[in-house]
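# After the sequence you'll find the predicted model.
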Amino acid sequence: MRTLFLFFLISASALAESPLYAVLEKADCHSCHNRDGVAAGTRLLFPEGIVSPEKKEAFLLSLVTLVDRLEPGKSLLLEKPTKRTSHVGGERIKQGSPEEATLRAWIGELAKLNGDSLAKALRYREEEEGGGGQKAPRVELRRLTHSQYNQTVRDLVGDVSKPADRFPPEDFVNGFRNQIQGQSLSPLLIESYSEAAERIAQSAMRGGDTRGLIGCKPSLACRAKFVREFGLKAFRRPLESGEQKRYEALFATEKEFVKGAQLVIEAMLQSTNFLFRLEETSDPKLKPYVTASRLSYALWDTMPDAALFAAAAQGSVDVRAQVNRMLDNPRAKVALNEFVGQWLRFDRILTASKDRRKHPQFTRETAVAMAEEARLFVSDLVWNDRNFMELFTAPYGYVNGELAGIYGVPAPAQEFGKVTFPAASERAGILGQALFLASTAKPDESSPTARGLFVREQFLCQHVPDPPAGVNTNLPPFSAERPETNRERLSAHVTNPGCASCHSLIDPIGFGFEKFDAIGARRDKFEFTTPGRGQKAPAKAWTLEIDSTGFVAGVAKSAFASPSALGAVLGESAQCQECLVKQYFRYTFGRTETAADRPVIRQLTEDFRRSQYRFKALIASMMFSRENPEGAVHAARNHESR
């Protein structure tokens, strides 16, 4: 026993001091083998955040699962990074190099592990799946997004002018515009808030109290009542006594009662208490108001209504009852549209330009129609309680006149009527719709790289590293001397070591969409024309065969050759199902998931599957998990049994 204990100490010490961790980092293995990497499903999973020596030791020990203990020289841990066997990431450690020698020595140490040391090695992955002992980040404040600002001033003072549409645009961070990392206040945004507050207050009080915001006869008591009641709604909580006095004093600086109310509105709309909303609080008096606000902005994208304020005033918000009530309100549909528009990047198609000579049918109206079809499609899945995985497999779309021309189908009797696609079209789900196909294309041609990247990031939640600095990302131009399809031109990505490791993960996905052009129209041949140079070299048209076979590296049995075929793969993919949960989690919580969130994500995904992939059940489960991380499953089941 003493010998075994000494062996464990020696082995653990050797591993902790091993230079192999640095070797793996230098080989950039962590770019794919991380929680959101394309190799997240493998047994090689790097620890996250600041890595302590103890965590490095645990990680190094855990890789014993990749070692062939009988024949260490044939271990996957050796053969994969040196590309002795097929490895999507290519050769990361050169055969015969000092780095390989370090790897071999380390594998030899791992092959000797047994007893307690082996048990410890096997616990690493289990502990990481359980959150690794970490706590989820505490977020106390979140700024109103532009969408939330517009809807809040609409519900607060009746302003429907959408003033935030004139604010500086919000950046996409982690795939969304509402992420906490991107919610800083620039001087230009602060100035915009000030100007908007002045305009909104003037409009609200123009012609007197026609909107009933004051609601009482001018007097000292009415002044206090207005400040108290308007302040409650604007700040989503009762005013403190000091705040009440300050705003009453501000009101009193104007002789005209309406002007005083206008001044208070303008001031409150510029307050951080209005512009930011509480997400967490340790104050028991504020807690129900924070819960009410959190629910309203998550489910409605706006301020609480009278029922939520009343529940908060009573000191307790029944989350389950409120979620069920709120999901039945039309505001929930508006809020979900905001999530869908950001997740599917409607902004890209609405700002896209296409070559008018090649695609004269693409107009601003066409772009709007593409986004509207996707919105209607997703809305139907969610609000009619359909299986949400039909997002990828449904053989129909919602078509108007512009889209009918692109899809090659008869225009429906009504705008955006439901149309079943012919089987020969090979369209299905969101991947077969013009929104995806056109927004992930260039102005004049399809882009297999952009399409593959979108699938990886939006539907598999896998982050593909950016190209190395200095790499030329431009493809060779179309040439009359050597006519090539996009697949052939992109072959340079595979032969260039600086490109291959990433493009081998995304280009093969994009190739499966090559039978669809830059606006999503079907094509059976690849056609292009080389520009002419007078009589010596006249313009010449080329027609080439299209090879639309593709696959998703890392996903078993994923070979496909059309949007419908890939849709079938994703619809059955556990990775894709979990990704849908993660995307809604990121949007709702305003941040990416951390190691500490893994148990919640896992539970939410199980709830989603148990509900037969009903998105409304996922929403209910997600809302309840914020108040009670242990009870997400019960919320989903409660919603299903209504």
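Everything's here; your move.

# all contacts plus neighbour counts: C-alpha atoms, from now on.
Fine.

# got a pLDDT number for P483?
The model reports P483 with a pLDDT of 80.

# Count the neighbours of the nearest residue to R364 once chain neighbours are set aside for me.
Of all residues not flanking R364 in the chain, L350 sits nearest, at 7.3 Å (C-alpha to C-alpha, 6 or more residues apart in numbering). If you count neighbours by other C-alpha atoms under 10 Å, L350 ends up with 19.

# Are we agreed that F526 is in a strand?
Yes - according to DSSP: H, G, I helix; E, B strand; the rest coil, F526 belongs to a strand.

# got a list of what it touches?
485, 542-546 (C-alpha atoms under 8 Å, 6 or more residues apart in numbering).

# roughly how far apart are it and L566?
From F526 across to L566, the span is 21 Å (C-alpha to C-alpha, to the nearest Å).

# How about E572?
For E572, the distance to L566 equals 10 Å [C-alpha to C-alpha].

# Could you do C216 as well?
62 Å.

# neighbour count winner among the two?
Higher neighbour count among C216 and L566: L566, with 25 against 13, using other C-alpha under 10 Å.

# contacting residues around the more buried one?
By C-alpha under 8 Å, 6+ apart, the contact set of L566 is 512, 558-560.

# same deal with Y193?
Here Y193 is in contact with 167, 269-270 (C-alpha under 8 Å, 6+ apart).

# Specify which member of these is nearest to Y407.
Top of the list for closeness to Y407, among the contacts of Y193 and by C-alpha to C-alpha, is F167 at 36.7 Å.

# what's the burial count for the residue nearest to that closest one when sequence neighbours are not counted?
Excluding its sequence neighbours, the residue lying closest to F167 (C-alpha to C-alpha, 6+ apart) is S192, at 6.0 Å. Using other C-alpha under 10 Å, the number of residues around S192 comes to 17.

# host element of S192?
Using DSSP states H and E, the secondary-structure element containing S192 is helix 187-205.

# in that helix, what's buried?
189, 192-194, 196-198, 200-202, 204-205 (16 or more other C-alpha atoms under 10 Å).

# that older thread, ok, the residue nearest to F167 touching P169?
No - if you go by C-alpha atoms under 8 Å, S192 and P169 don't touch, sitting 11.4 Å apart.

# So V38 versus L66, what's the distance?
Counting by C-alpha to C-alpha - V38 and L66 are separated by 18 Å.

# Neighbour count for those two, which is higher?
Neighbours of V38 and L66, each counted by other C-alpha under 10 Å, are more numerous for V38; the result is 27 against 19.

# Run through the residues that contact the more buried one.
32, 456, 462-464, 505, 554.

# just to revisit the earlier point, just curious, which of the buried residues of helix 187-205 is nearest to P443?
When the buried residues of helix 187-205 are ranked by distance to P443 (C-alpha to C-alpha), L189 comes first, at 32.2 Å.

# sec struct for G341, please.
Using three-state DSSP, the structure places G341 in helix.

# What is the burial count for it?
Residues near G341, counting by other C-alpha under 10 Å, number 16.

# Okay, it and G571: tell me how far apart.
From G341 to G571 the distance is 21 Å (C-alpha to C-alpha).

# Then F585?
The gap separating F585 from G571 is 19 Å, by C-alpha to C-alpha.

# Out of the two, name the residue with the larger neighbour count.
Ranked by neighbour count (other C-alpha under 10 Å), F585 and G571 place F585 first, with 22 against 19.

# which residues in the stretch 51-200 of the chain form helices?
For the stretch 51-200 of the chain, applying DSSP state H, counting those that start in this stretch gives helices covering 53-62, 76-79, 98-111, 115-129, 146-157, 187-205.

# Let me know which of those helices is the nearest to A310.
Among the helices of the stretch 51-200 of the chain, helix 146-157 sits nearest to A310 (C-alpha to C-alpha), with 16.1 Å.

# For the closest one, which outside residues touch it?
By C-alpha under 8 Å, 6+ apart, the list of residues contacting helix 146-157 from outside reads 159-165, 167, 170, 204, 211, 213, 233-234, 275, 297, 301-303, 338.

# In ChimeraX, select just the buried ones from the residues you listed.
ChimeraX command restricting the contacts of helix 146-157 to the buried ones, with burial defined by 16+ other C-alpha under 10 Å:
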select :159,162,163,164,167,204,213,233,234,275,297,301,302,303,338
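
# Now, the contacts of helix 146-157 that are in strands?
When DSSP state E is applied, the contacts of helix 146-157 are split such that none fall in strands.

# how about low-confidence regions in the chain?
1-17, 128-133, 468-474, 476, 480, 492-498, 500-501, 530-539, 628-642 (pLDDT under 70).

# rerun that using 50 as the cut-off
1-16, 631-642 (pLDDT under 50).

# what's the closest residue to T281 other than its chain neighbours sitting at in phi/psi?
Nearest non-adjacent residue to T281, counting by C-alpha to C-alpha, 6+ apart: K287, 6.1 Å away. Backbone torsions of K287, given as degrees, to the nearest 10, read phi -50, psi -50.

# quick revisit: can you say which of the contacts of F526 are buried?
485, 546.

# Nearest to V319, out of the contacts of F526: which one, please.
Nearest to V319 among those, counting by C-alpha to C-alpha, is I546 at 53.9 Å.

# For the closest one, list the residues it contacts.
Counted by C-alpha under 8 Å, 6+ apart, I546 has contacts 485, 514-515, 524-526.

# Same list (these) but as JSON lines, adding distance to D328.
Shown next, in JSON lines, are those (distance: C-alpha to C-alpha, whole Å):
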{"residue": "T485", "distance to D328": "50"}
{"residue": "E514", "distance to D328": "41"}
{"residue": "K515", "distance to D328": "41"}
{"residue": "D524", "distance to D328": "45"}
{"residue": "K525", "distance to D328": "48"}
{"residue": "F526", "distance to D328": "48"}
